[in-house]
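K.L.:
quick one: sequence plus predicted model below, questions after.
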Amino acid sequence: MVQLRPRASRAPVSAEAMVDEGQPASEEEAEHGLLLGQPSSGAAAEPLEEDEEGDEESDEAPEELTFASAQAEAREEERRVRETVRRDKTLLKEKRKRREELFIEQKKRKLLPDTILEKLTTASQTNIKKSPGKVKEVNLQKKNEDCGKGNDSKKVKVQKVQSVSQNKSYLAVRLKDQDLRDARQQAAQAFIHNSLYGPGTNRTTVNKFLSLANKRLPVKRAAVQFLNNAWGIQKKQNAKRFKRRWMVRKMKTKK
Amino acid sequence: MGEFKVHRVRFFNYVPSAIRCVAYNNQSNRLAVSRTDGTVEIYNLSANYFQEKFFPGHESRATEALCWAEGQRLFSAGLNGEIIEYDLQALNIKYAMDAFGGPIWSMAASPSGSQLLVGCEDGSVKLFQITPDKIQFERNFDRQKSRILSLSWRPSGTHIAAGSIDYISVFDVKSGSTVHKMIVDRQYMGVSKRKCIVWGVAFLSDGTVISVDSAGKVQFWDSATGTLVKSHLIANADVQSIAVANQEDSFVVGTAEGTVFHFQLVPVTSNSGEKQWVRTKPFQHHTHDVRTVAHSPTSLISGGTDTHLVIRPLMEKVEVKNYDAALRKITFPHRRLISCSRKRQLLLFQFAHHLELWRLGSTVATGKNGDTLPLSKNADHLLYLKTKGPENIICSCISPCGSWIAYSTASRFFLYRLNYEHDNLSLKRVSKMPAFLRSALQILFSEDSTKLFVASNQGALHIFQLSGGSFKHLHAFQPQSGTVEAMCLLAVSADGNWLAASGTSAGVHVYNVKQLKLHCTVPAYNFPVTAMAVAPNTNNLVIAYSDQQVFEYSIPDKHYTDWSRTVQKHGFHHLWLQRDTPITHISFHPKRPMHILLHDAYMFCIIDKSLPLPNDKTLFYNPFPPTNESDVVQRRTAHAFKISKIYKPLLFMDLLDERTLVAVERPLDDIIAQLPPPIKKKKFGT
């Protein structure tokens, strides 16, 4: 089918030539028009011959034709037109067929997750042992072949997804449900937090609690302080630097 | 004992997560504990309270209820609305099933153990039938207006009580309809509180329902008439949990103030048959909320926000007053969270969702024994490695050379290669892990860092060859046919020839790594292994069991060593056997083959096999060897166990080189400082 393309590009050239000549070769023109309209038709040889004929005709003065020959020519012409139309139809049919196939395949591709899900549930434990080898195979195959290749690639894809799913690296969920569930879980957590730590629960702070414990200890210790670590960063760094320098100095004097 | 320079590490910022539920199993004398991060731990109460199994947590799986059913099957339910059954053999989750009622707050197994009841956020109570390999939804009970926070079966199995907000409903199990609805008083010390949450209910066989609520009351209801019989106001804060003894003669409640109250059924007068419930003993072992309690035949078990699991034996139930009657407080996991690279002086800390790699500081100063040396170079935080996904880390390990890090979550295994260029550190993940290696229970590198040993949760042991930046699967030791038991502990010899692996109950197997076959099995012992290690040169396997026994087994000769036999004949010192915490790490001194270094959470010990063993009369703990006394006395008191209790709580201790030790401590105050705020209590005189 791909071969058709170059001829299609040829046809307009001849048509242009004809227009330049300005000959009233209506039939031919019509035919050429037809050819123009259907760039993907027939074999290359036939229209070429036709063009030559047309050229000859335009060069010479109109000849006298016998009725029989004219009739034969007309018939021939008619036959040709019919043939092209027929060819056209079959081509169109074929195109449609291809398209339909493509659609079916796309649909199948879209449907895949469900089949996987089905397989997921039915996949037996025994397959798990086989899966590492399978994955390797799949990887190799994938490298070798192009992405858009009908049945074969689809099969591979199924296999791959399956093996991955057996590894349980993902879980298929409906996002809508998940959102609802998360919201409910959060609400539940908020409830428990509110009822334990919310207003009216008489909570103290950890710092107060520890200082109270320290107060009642027989041996008093330094308070456990809770400072915001972001406070006085510069001062802390200076102190650290100073300490390091001081230590280096001390080490030197020791030696 | 020898002198060591000790790195005293206190920057392991580990906070255990709060305990949410405990469930006691009477048949096997085991305790299941679930934490707020979704971790579930199994403690064996007959094996010296050893934490023998654990299931790693999951971010979205906040467990709210935990129960045993049908004998030994463990179920949990949580706020994600799923009921989960755990596989106690293979140590993974058998299945998770959505109950379709929103978040689940409570769960109770029927007295016969064949049915499971869950109470959901949407007010529904759902009954599930427990089939041999799954659970199956059976029916809904009458739907309530608000969430069901607590559930309890009547021991005869005919009725259930469900605690909700502001009321308790009693259901008839056969019809599934509400028989009574008992409204709980919102009044709290004369002030009307917003709502009264019934945190716990317990149904007794005589028809009494006991409820505990957020107003601080313990109330007794008659389920036949639906009336309040008696009310005890016991706390200024919420009473959050209740558990009843099997004989129904005592029960225990836990409050948000951290107090646990014991109630007992005692006769009104000394010789009358009439009995009444009396609050007998308060226990204050917790500082924060007691979210859950359990009642075993001989002890009260409680756990809460302050992350301690407290087991308080009841004195009147204990027949012999031995050390088993003492209080137990379990705070730290009985497994190692820290691994160490000796060559590069690195420590790898394992947290729930990340790993931290630190380089130890160093000092050039010298000092006397007992001096604190100033650091000339501070410890460096080299790496913060966060896991992907919501699962907790099960185990992690750094290779002795410091150039590999491996860790595992419940579904994935990760191996990283570290490159050190001067002060820079680069990390590269080794991709393409084999598909069969999904999760590991224990990871170990060989001493020369060329081999990686992984105990997978299917019971198999995998050996990998590490070379350059790549790795290769060498062999897998499959578990003995018919067993699926997971291996939890690994030890490899210094020459890399022997690999010892132990499961929770299957005993210790020793494999020959060169010939790739099972070499021998250590004679069975009926306590779980807590730590083991293979001594260099001699290839003696030292095994510590949870009953505090230490055995030494010669791998080449396939029998216990003479020293081990002598120890067993002589027996350990009673103070050694009375320690609370299991030994979690064993190591050896490269230059002193007679020494075994081991530690638990409260002591560090060097066993010198050349010295005589102590008998029960000798002074066991001798913190500092006497220096001014005569040599004779010193020699007479010297015994094989040299114990240091300076460092506690000690999470990890290892030998870095011949003269240097590293000790990782985690002071309890630092943990408390990071917990949620406790209830305010007035203390006299402050």
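P.N.:
That came through fine.
K.L.:
can you tell me the element the nearest residue to B:Lys126 once chain neighbours are set aside falls in?
P.N.:
Nearest non-adjacent residue to B:Lys126, counting by CB to CB, 6 or more residues apart in numbering or on different chains: B:Val118, 5.2 Å away. Just so you know, the C-beta spots here come from the backbone N, C-alpha and C atoms, and that holds for glycine as well. Element membership for B:Val118 (DSSP states H and E) is strand B:115-120.
K.L.:
now that strand, how far from the chain's geometric center?
P.N.:
Put simply, strand B:115-120 sits 26 Å off its chain's centre (CA atoms, centre = their mean, to the nearest Å).
K.L.:
and that strand, which strands flank it?
P.N.:
If you go by DSSP bridges, strand B:115-120 pairs up with strand B:104-109 (antiparallel), strand B:125-130 (antiparallel).
K.L.:
what's the first one in contact with?
P.N.:
When contacts are defined by CB atoms under 8 Å, 6 or more residues apart in numbering or on different chains, strand B:104-109 is touched by residues A:188, B:64-70, B:75-79, B:81-83, B:115-121, B:130, B:147-153, B:160, B:162-163.
K.L.:
so where's the stretch 451-600 of chain B uncertain?
P.N.:
B:481-484, B:506 (pLDDT under 70).
K.L.:
ok, B:Ser403 to B:Ala379 distance?
P.N.:
In this view, B:Ser403 and B:Ala379 are 20 Å apart by CB to CB, to the nearest Å.
K.L.:
hmm, back to that, so of the contacts of strand B:104-109, which ones are in strands?
P.N.:
When the contacts of strand B:104-109 are checked against strands (DSSP state E), the matches are B:64-69, B:75-78, B:82-83, B:115-120, B:130, B:150-153, B:160, B:162-163.
K.L.:
B:Lys428 contacts B:Phe414, correct?
P.N.:
No. In this structure, B:Lys428 is not within contact of B:Phe414 by CB atoms under 8 Å, at 11.6 Å.
K.L.:
those two: which has the busier surroundings?
P.N.:
A direct count of neighbours by other CB atoms under 10 Å in any protein chain shown for B:Lys428 and B:Phe414 places B:Phe414 higher, at 20 against 11.
K.L.:
now, of the ones in strands among the contacts of strand B:104-109, which are buried?
P.N.:
B:64-69, B:75-78, B:82-83, B:115-120, B:130, B:150-153, B:160, B:162-163 (16 or more other CB atoms under 10 Å in any protein chain shown).
K.L.:
where does the stretch 551-686 of chain B come near chain A, residue by residue?
P.N.:
Residues of the stretch 551-686 of chain B lying close to chain A by CB under 8 Å from any CB of the partner chain are B:669, B:672-681, B:683, B:685-686.
K.L.:
closest one to B:His519 out of those, please.
P.N.:
Relative to B:His519, the closest of those is B:Gln674; by CB to CB it sits at 46.1 Å.
K.L.:
for B:Ala500, see how far away the residue lying closest to the closest one once chain neighbours are set aside is.
P.N.:
Leaving aside its sequence neighbours, B:Gln674 sits nearest to B:Val15 (CB to CB, 6+ apart; 5.0 Å). Relative to B:Ala500, B:Val15 is positioned 32 Å away (CB to CB).
K.L.:
those two: who's more crowded?
P.N.:
Higher neighbour count among B:Val15 and B:Ala500: B:Ala500, with 25 against 15, using other CB under 10 Å.
K.L.:
quick one: residues in contact with the lengthiest helix in chain B.
P.N.:
Determined from DSSP state H, the single longest helix within chain B is helix B:562-570. Identification of contacts with helix B:562-570 by CB under 8 Å, 6+ apart yields B:Gln549, B:Val550, B:Phe551, B:Glu552, B:Tyr553, B:Tyr560, B:Lys609, B:Leu613, B:Asn615.
K.L.:
correct me, but the second one touches B:Val542?
P.N.:
Yes. The criterion here is CB under 8 Å, and B:Val550 meets it with B:Val542 at 6.6 Å.
K.L.:
what sits in contact with each of these two?
P.N.:
Listed as contacting both B:Val550 and B:Val542 by CB under 8 Å, 6+ apart are B:Ile596, B:Leu598.
K.L.:
who has more neighbours, these two?
P.N.:
Ranked by neighbour count (other CB under 10 Å), B:Val550 and B:Val542 place B:Val542 first, with 24 against 21.
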